[in-house]
Every structure is written in C-alpha cells, then in structure tokens.
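In: Here is a sequence with its predicted model. Questions after.
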Amino acid sequence: MQEDLKVAVIQSNLVWENPIQNRLHFIDKINSISETVDVIILPEMFTSGFTMNAEAVAETMDGETINLLKELTAKTQAAIIGSLIVKVNDKFYNRLVFVKPNGDIAFYNKRHGFSLAGEDKVFTSGTEKVIVNYKGWAICPLICYDLRFPVWARNTEDYDVVLYVANWPKPRISAWDALLKARAIENMSYSIGVNRVGLDAKNYEYPGHSAVYDVLGEQITTIEPNKEQIEIVTLSKSHIEKHRRHLGFLNDKDKFSLEV
C-alpha cells in the first residue's frame, strides 16, 4: 500500500470533434509535467468535446488514442484517466479509461446519459460501477452527469477516492461546486472533479472549477477558473483513515439495494 498518491489535474480547453489536435494538445500538457506523479486526470470526452456526433469521432479500444495513452503511461509511469467516445459493435459509449503504466486498462461506461442534450439517445448507458485498485488505493471513477446521482456514488465499497471527469457548463457551475464537495463529505473520501474550459462549437461555455476535496469537504486545490492549468496535489491515506476512525460516519450508513 502506498501512503501518498500524487495526482495531476489537467484543466484544459478542447478542440471540437478533432481527436488529432486534442491528442497533440494533451501530449504537450502531459510532457510539461516535470514532477513524478502517480495519476494524471484529463476531462470528459477529451478527444472531441461533448459531442453527440459519435460516429464522426468514435474509436475502438485498440485505436490511436488508447495506444497513445499506453505509450504515455509507460513513459511517465503514471496512470492516465479520461473519457472518450468508444464504439463496440454497433453501440457507442462515453467511456472513461484508466490506463496503468503496465498497459492494463480498466474502464467505466457512463451510467447517466445527459438527457437534456440527448446523450441518453446516442450512447448506451453503463450498468456497472467500477472500483479500480491502484497502488493500494481504491478509486471510483465516474463521469460528469453522474455527479447529480449520489446513490450511484455511495461508498459501499470502502473506496478512497471518487473522481469525476466532466464537460460541465457555466450556467450550472454552482451545482458542480456544491455536489463535488458533498460527495467528499458524505462518502468520507477524497472527491476529485476535472472539468474543461473554453467554448465549444455549440457556443456553450465551460468555466473549469476543477477541484480536489478532502474527506471533510475542504478544498485542497487552487485551480483558477476559465484558465488552462495543471495542478498537482498529494492525497494521504492516513488522512482518510484518521477521520474515518475518529468520526465513524460510514459505519452508520443505510443499507440498500440498487436496480440498474
């Protein structure tokens, strides 16, 4: 078990429906990280922006982006996390990939399609909650709109970190701030949110507000809104254990069954 986990959060603009340019952009971003880190987190749909034009930008699990991530994780010895559009047979998924330095890949398909934008009509909904074990840390990766559904994120697995990659727009950013903090408090885990910045082709504005909260809901990052920025933060296993042991809130959680 590794006591500390060093995480690099990349808050970035995205080029609309242009995987080639986005790949080049994130190569530069990742190569600019001079410190040794354990995990690098990119936004939701980091190769395309939040598009419903899935056929135009979809890739496979042995496509260019996945192969690039494998190369970058091998080079940096850091796991890389982000979501992209993946096609499997005739179905499209908004899929978060967790690529480890040894080439292993865990993935999570977004459970809650954003119906306001018609995502639920284009993409197949995921049915499995995923906990990734990495360097002795249990990590629960989720995607954007999932943040509004606390039952799906409820910490019944004793995970250490819940994280969200996102394209969360400006008009509802106060909800992002509040819910991201709430997920940390109610689950007694670190809560990480990585949101994009900039305008997309639909003229939606994304202000960032990427952040990391500790188990008490204290923000431990200083990422500026509306700005491309990389911030590195260190998570502490002893911080989690100390407060869970002292407060014991998770011991009193309700038992429930979840239908999917």
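Out: It's in. Predicted model, so just to flag it, every value in this text is computed and none were measured.
In: Give me the residues contacting stretch 51-61.
Out: Residues from elsewhere that reach stretch 51-61 (CB atoms under 8 Å, 6 or more residues apart in numbering): 16-17, 19, 45, 47-48, 65-66, 84-88, 92, 105, 107, 117-119, 122-123, 201. Glycine gets a C-beta too; all of them are placed from N, C-alpha and C.
In: filter those to the buried ones?
Out: 16-17, 19, 45, 47-48, 65-66, 84-87, 92, 107, 117, 119, 122-123 (16 or more other CB atoms under 10 Å).
In: Residue 234 is in contact with residue 4, isn't it?
Out: Yes: look at residue 234 against residue 4 with CB atoms under 8 Å: they come within range, at 5.2 Å.
In: that older thread, now, the buried ones among the contacts of stretch 51-61 that are in strands?
Out: The strands, defined by DSSP state E, take in 84-87, 92, 107 from the buried ones among the contacts of stretch 51-61.
In: of those residues, closest to residue 149?
Out: Checking those against residue 149 with CB to CB, the nearest one is residue 107 at 19.4 Å.
In: partner residues bridging the closest one?
Out: Here residue 107 sits in beta bridges with residue 97, going by DSSP bridges.
In: Give me the distance between it and residue 258.
Out: 20 Å (CB to CB, to the nearest Å).
In: Next, format the ones in strands among the buried ones among the contacts of stretch 51-61 as a markdown table and append distance to residue 250 and pLDDT.
Out: Listed next are these as a markdown table, based on distance: CB to CB, whole Å; pLDDT from 0 to 100:
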| residue | distance to residue 250 | pLDDT |
| --- | --- | --- |
| 84 | 33 | 98 |
| 85 | 35 | 98 |
| 86 | 33 | 98 |
| 87 | 38 | 98 |
| 92 | 36 | 98 |
| 107 | 27 | 98 |
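In: From those, pick the one nearest residue 246.
Out: residue 107 (35.3 Å).
In: who touches that closest one in this structure?
Out: If you count contacts by CB under 8 Å, 6+ apart, residue 107 has them with 61, 86, 95-98, 130.
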